[in-house]
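>>> Provided below are the primary sequence and the corresponding predicted coordinates.
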Amino acid sequence: NQMEVMAKMLQLTNNLLELSKKEESLKNSTANLSPQSLALSKKAREQNKIAEDLERLISQITELSQKTFAITPEMGRALGGARAKMRSAISAMQDRNSSLAVISEKAAMKFLNETASLMQSSMSQMMKPGGGMMSLMQQLQKLTGQQMSLNKLTKMLKGGLSHQQLAQMQKLARQQEAIRKSLEELDKEFKKSGQSKKLT
């Protein structure tokens, strides 16, 4: 599953960079136009086509985010920024404001490149042995197993407690406290990675 996610992320990263190149080409051609140029209408249509391609990419990335923690909220914000700037560029072209259109196109490029960079960084984290989000999830799984074992032992000690059982309960309490502290530390790591909001 992780290899499939990595392959899809690599494909999406390449698509984002390709879209950024198209946006750069459009920006360069728009910069040479005067506000009176009739070609601005054509450029607006080109920008709309790139915006439609972006929408398809956003849908694919959103779908992938249901399968992996590697798609972060930061990526979503960058994609939203690219979408907004492309809309601003279209509006500026329709108003024959070529200079404002160029500014918006440049900003859209920046957001696309930022998303691609975040994707690449996330893939690098996934490839680290025992690192990144996979490691955090493995730690959480380990703590879950410890908690389940502790629950079973606690159920076995129902009813009146002998001196030996009381000592065992105190030992279990210490184990429970250790699990709690480990969860607190793990929660901090999830927050550092920007993934805490995606956890139940």
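Sure, I can see it.

>>> if you count contacts, what does the host helix or strand of Ile61 end up packed against?
Applying DSSP states H and E as the criterion places Ile61 in helix 39-65. Secondary structure elements in contact with helix 39-65, counted by 3 or more CB pairs under 8 Å, 6 or more residues apart in numbering; DSSP states H and E, are helix 2-31, helix 73-94, helix 98-127. Heads up, the C-betas are built off the backbone N, CA and C, glycines and all.

>>> report the angle between the last one and helix 2-31.
An angle of 160 degrees separates the directions of helix 98-127 and helix 2-31 when computed by axes from the mean of the first three to the mean of the last three CA atoms, to 10 degrees.

>>> where does pLDDT dip in the protein?
Segments of the chain classed as low confidence (criterion: pLDDT under 70) are 129-142, 156-163, 165-166, 168, 189-200.

>>> circling back: and the helix holding Ile61, how far out from the chain middle?
Between the mean C-alpha location of helix 39-65 and the chain-wide mean there is a distance of 19 Å, by CA atoms, centre = their mean, to the nearest Å.

>>> swap in stretch 71-78?
On the basis of CA atoms, centre = their mean, stretch 71-78 is displaced by 4 Å from the centre of the chain it belongs to.

>>> just the buried residues of that stretch, please?
Counting neighbours by 16 or more other CB atoms under 10 Å, one finds that the buried residues in stretch 71-78 are Ile71, Thr72, Met75, Gly76, Ala78.

>>> next one: stretch 37-56
By neighbour count, and taking 16+ other CB under 10 Å as the criterion, the buried residues in stretch 37-56 are Leu40, Lys43, Ala44, Glu46, Gln47, Ile50, Ala51, Asp53, Leu54.

>>> with stretch 115-129 instead?
Using 16+ other CB under 10 Å as the test for burial, stretch 115-129 gives Thr115, Ala116, Leu118, Met119, Ser122, Met123, Met126.

>>> what residues are up against the fifth one?
Contacts for Ser122 (CB atoms under 8 Å, 6 or more residues apart in numbering) come out as Met9, Ala70, Ile71, Thr72, Met75, Gly132.

>>> same question for the first one.
Contact criterion CB under 8 Å, 6+ apart gives Leu16, Met75, Ala78, Leu79, Ala82 as the residues in contact with Thr115.

>>> now the residue nearest the centre of the chain: phi and psi?
Within the chain, one residue has its C-alpha closest to the average C-alpha position: by CA atoms, centre = their mean, that is Thr72, at 1.5 Å. Dihedral pair for Thr72: phi -100, psi 160, per degrees, to the nearest 10.

>>> state the distance from it to Thr62.
As for Thr72, its distance to Thr62 is 13 Å (criterion: CB to CB, to the nearest Å).

>>> repeat that for Ser117.
Going from Ser117 to Thr62 by CB to CB gives 19 Å.

>>> do the same with Leu153
Per CB to CB, Leu153 is found 43 Å from Thr62.

>>> ok, Ser20 next?
The value you get for Ser20 to Thr62, if CB to CB is used, is 19 Å.
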